[in-house]
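Participant: build me a structure from this.
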Amino acid sequence: MEDEHGKTLEAIQFAIQMEIDGKEYYRRAGQKSGNRVGKELFEWLAAEEDKHRQRFEAIYSSIKREKAWPEVDTQPVKGEILKTLFSETMRAVGPNVKMATVELDAIAKAMEMETKSREFYKSQGEEAVYDAERKLYTSLAAEERGHYLALVDYREYLIDPAGWFRKIEHHSLDGG
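Facilitator: Have a look, this model is predicted:
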C-alpha cells in the first residue's frame with residue numbers, strides 16, 4: 001500500500017504543478033488581452049486554477065498525515081454560471097471587439113492546456129484506488145471541459161462577433 005500512496009502523491013504533485021503553470025499562463029494572457037472579455041475570462045480561469053491547486057495541496061497534506069484519501073467536495077462548478085457571465089460581458093462589449101492574432105494564439109494554447117488537464121484527470125479517475133479520489137478527478141475533468149467550452153465560445157466570438165450574436169440570440173428566418 002505504501003507504493004500506492006507514493007503513486008498517488010506523485011500524481012497530486014503533478015496536478016499541483018499543472019495548476020500553478022495554468023494560473024501563470026492565464027494571468028499573463030489576461031494582462032496581454034486586448035479586450036475586456038478576454039481579460040475577465042483569463043482572470044477567471046487563473047482563479048479557477050488557483051482553487052484547484054489549493055484543493056490538491058490540502059489533499060496532499062491530508063494523505064501525507066493520514067495515509068488515506070480524504071473526503072472532499074466534488075461538486076463541479078456549473079458551466080451555465082460561466083456561460084452566462086461571459087455572454088453578458090460579450091453582449092455589453094458588442095460586436096466591435098478588438099481581436100489580435102495573439103489573442104487567438106493564447107486561446108488555442110489555453111484550449112490545448114484544458115484538454116491535457118481533462119485527459120490527465122480522466123485517466124487518474126479511471127486508475128483511482130479510493131472512491132473519493134475517483135469522484136474528485138471525475139469532477140475536475142468536468143470542470144476542465146467547462147473551461148474548454150468557455151474558450152471555444154470566446155474564440156467564436158472573436159472570429160465572428162455578428163455570427164456569435166446571431167447564435168446566442170437564436171434568431172431564425174422563419175418569417176414569424
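Participant: spatially nearest residue to Lys167 (excluding sequence neighbours)?
Facilitator: Distance criterion CB to CB, 6 or more residues apart in numbering; nearest residue to Lys167, sequence neighbours excluded, is Glu156 at 7.7 Å. (C-beta placed from N, C-alpha, C; glycine too.)
Participant: flag every buried residue along the helix or strand harbouring the one you found.
Facilitator: Glu156 is located in helix 131-159, with elements delineated by DSSP states H and E. The neighbour-count check on helix 131-159 (16 or more other CB atoms under 10 Å) flags 132-148, 150-151, 153-155, 157-158 as buried.
Participant: do stretch 118-125 as well
Facilitator: Buried residues in stretch 118-125, counting neighbours by 16+ other CB under 10 Å, are found at 118, 120-122, 124-125.
Participant: pick out the residue nearest the middle of this structure.
Facilitator: Centroid-nearest residue in the chain, with CA atoms, centre = their mean: His147, separated by 3.4 Å.
Participant: that one against Glu112, yeah?
Facilitator: No: look at His147 against Glu112 with CB atoms under 8 Å: they stay out of range, at 11.9 Å.
Participant: any low-confidence regions in this protein?
Facilitator: 1-2, 73-100, 170-176 (pLDDT under 70).
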